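Enquirer: Task: produce atomic coordinates for the following.
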Amino acid sequence: DDEGGAAGADADDDDAREAAALERLSSMPMDALLLEALLNALHTSLSDDKLWPMDAADVYQKHMQPAKPPTVPMDAKKSSHKQVAKFFKAQQKAKLLLTKEHKGDIKVVGVDRGHALYTAHTPSWPIARKAGAGGGGGGGGNVHASGG
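Expert: Numbers count the residues shown, from 1 in each chain. Okay, the predicted model is just below:
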């Protein structure tokens, strides 16, 4: 019975996958990193279509930023888009996102989950830890207790 050994190996495997993802993401051009973070978020924290509509700024700050390693800086100003709004407009033009603009504010109102970019994407961050593997729990994040 080597249950304990298997869990330890899984944790090592997770660490190796995390290191590989970190290396790949930190060497990406900014445009690719923005898209990668968006796709990661769409597969993880934004996987529920009941969350739409949402301000593009919130998608960027609350979902895309955590969808890449904290040590990898992501700044739309350093991309070819130059602005978060232009990045979202480009994703609307590519038909990945459905957005609405009102008085300069962009809201994401939906996502095409049948889009080739979405269907071909496997989230690279956060690393999905195998059940039973060692390693600490994740950060608290936005946990709200519902009081009566």
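
Enquirer: wait, doesn't I127 sit right on A19?
Expert: No - look at I127 against A19 with Cβ atoms under 8 Å: they stay out of range, at 9.5 Å. Using the backbone N, CA and C atoms, a C-beta is placed for each residue, glycine as well.

Enquirer: more neighbours, those two?
Expert: I127 (18 against 11; other Cβ atoms under 10 Å).

Enquirer: what about the nearest residue to that one once chain neighbours are set aside, which SS state?
Expert: Residue nearest to I127 in three dimensions, not counting chain neighbours: E18, with 4.5 Å by Cβ to Cβ, 6 or more residues apart in numbering. Under DSSP: H, G, I helix; E, B strand; the rest coil, the three-state class of E18 is helix.

Enquirer: surely E18 meets T71?
Expert: No - counting by Cβ under 8 Å, E18 stays clear of T71, with 11.4 Å between them.

Enquirer: So between those two, which is more surrounded?
Expert: E18 (17 against 8).

Enquirer: Report the separation between the more buried one and H121.
Expert: Using Cβ to Cβ, to the nearest Å, E18 is found at 18 Å from H121.

Enquirer: likewise I106?
Expert: In terms of Cβ to Cβ, I106 sits 22 Å off from H121.

Enquirer: Let me know the pLDDT of F88.
Expert: We note a pLDDT of 96 for F88 in this prediction.

Enquirer: got it, and the one 10 residues further on?
Expert: According to the per-residue confidence, L98 scores 96 in pLDDT.

Enquirer: which residues touch A41?
Expert: When contacts are counted by Cβ atoms under 8 Å, 6 or more residues apart in numbering, A41 is found next to V59, H63, M64, P66, A67.

Enquirer: and of those residues, the nearest to H115?
Expert: Here the nearest of those to H115, counting by Cβ to Cβ, is V59; it sits at 16.0 Å.

Enquirer: Doesn't the closest one lie inside a helix?
Expert: Yes - under three-state DSSP, V59 falls within a helix.

Enquirer: That'll do, ta.
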